[in-house]
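J.: 3D, please:
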Amino acid sequence: MSKDNEPLLALEKITKRYRNIVAVNRINLEVFPGEKLVIIGPSGSGKSTLLRSINLLEEIDEGVIRFEGREVGYTTKNGRRHHDTPSAICALRAEIGMVFQHFHLFPHMTALGNVMEGPLTVQRKPSEEARRIAAGMLEKVGLSDKMDVFPATLSGGQKQRVAIARALAMHPRIMLFDEPTSALDPELVGEVFETIHKLADEGMTMVIVTHHMGFARELADRVIFMESGSFLAEGTPVELFGANQTNERIRSFLNRLI
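T.: Modelled structure (predicted):
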């Protein structure tokens, strides 16, 4: 992954507060095409809030989000920040896919119906085209045999793979994964990581929040350690996880998880 090109996603001084708590504190970040960025850190450090802010699920208090060089997500009227128009936000979310901890599948829809929903309702694709796209994405995540199955009968790993297929059906330029395996039984984690690895091998740009240090070590181009709303350190997996790590806070965190 080369940094000679322009960032796909750039955050400038992103700040999010909840009353007196600063959840995200003036974060600057650039993510380049094809990069696999993993964010680690203790619970409550602001990792998930940061991802949700990128996808406009949390309204930021300060800062600028740029996608492909253009400012996105907000407009300023009478000196106050407002969300952009619903159509602009939908268009951005199609470019920036997101996978959550708890799947958020529609229980009354089959796996195929869940994956078709975005192309049908957001992109206004004809039904047959949406069906073709959805079937292709379910095949990509290894669930061709589950197209007509409802979420209640799927395992947690299968549900999460349907959720990944649903995000991919919008043909995003970048994927955000917020603890994609935290709700899964340990024996189901591998199938989700295998799917993410496949996307990585295909060149998908990703930002992943995870507590699985082995996965972070083997997948990431770059790892960021986040605590108390700020980036404490960043580097390659060798730099962050290696024996030469001198930051006592990071070493203490890693020793509890590795």
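J.: rest of the way, CA atoms for contacts and neighbours
T.: OK.
J.: so which bits of the top helix by length along the chain are buried?
T.: Criterion DSSP state H: the longest helix present in the chain is helix 186-201. For helix 186-201, a neighbour-count test (16 or more other CA atoms under 10 Å) marks 188, 189, 191, 192, 193, 195, 196, 197, 199, 200 as buried.
J.: distance of the nearest residue to the last one once chain neighbours are set aside relative to residue 174?
T.: The spatially closest residue to residue 200, leaving aside those adjacent along the chain, is residue 36, at 7.3 Å (CA to CA, 6 or more residues apart in numbering). Summarising the geometry, the distance separating residue 36 from residue 174, computed by CA to CA, to the nearest Å, is 10 Å.
J.: so what sits against both of those two?
T.: In terms of CA atoms under 8 Å, 6 or more residues apart in numbering, residue 36 and residue 174 are both contacted by the residues 205, 206, 207.
J.: the last one touches residue 173, doesn't it?
T.: What that stands for is residue 207. No - using CA atoms under 8 Å, residue 207 makes no contact with residue 173, being 11.6 Å away.
J.: in the protein, which spans are helices?
T.: With DSSP H as the criterion, the chain has helices at 47-54, 86-95, 111-117, 127-140, 156-168, 186-201, 213-219, 237-241, 248-257.
J.: where among the ones you listed is average confidence lowest?
T.: Mean pLDDT values for the helices of the chain show the minimum at helix 248-257, a mean of 84.
J.: returning to that earlier point: would you turn the helices of the chain into TSV with distance to residue 19?
T.: Putting the helices of the chain into TSV (distance: least, CA to CA, whole Å) gives the following:
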stretch	distance to residue 19
helix 47-54	14
helix 86-95	25
helix 111-117	36
helix 127-140	41
helix 156-168	32
helix 186-201	36
helix 213-219	32
helix 237-241	33
helix 248-257	27
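J.: if I read this right, residue 54 contacts residue 67, doesn't it?
T.: No - checked against CA under 8 Å, the pair residue 54 and residue 67 is beyond contact range at 9.8 Å.
J.: quick check, central residue of this structure?
T.: residue 176 (1.2 Å; CA atoms, centre = their mean).
J.: is that residue in a bridge, and if so with what?
T.: Under DSSP bridges, the beta-bridge partners of residue 176 are residue 98, residue 207.
J.: just to revisit the earlier point, out of the helices of the chain, nearest to residue 103?
T.: helix 156-168 (5.5 Å; CA to CA).
J.: now the closest one and helix 127-140, what's the angle there?
T.: 130 degrees (axes from the mean of the first three to the mean of the last three CA atoms, to 10 degrees).
J.: packing partners for helix 156-168?
T.: In this structure, helix 156-168 makes packing contacts with strand 96-99, helix 111-117, helix 127-140, helix 186-201, judged by 3 or more CA pairs under 8 Å, 6 or more residues apart in numbering; DSSP states H and E.
J.: thank you kindly, that will do.
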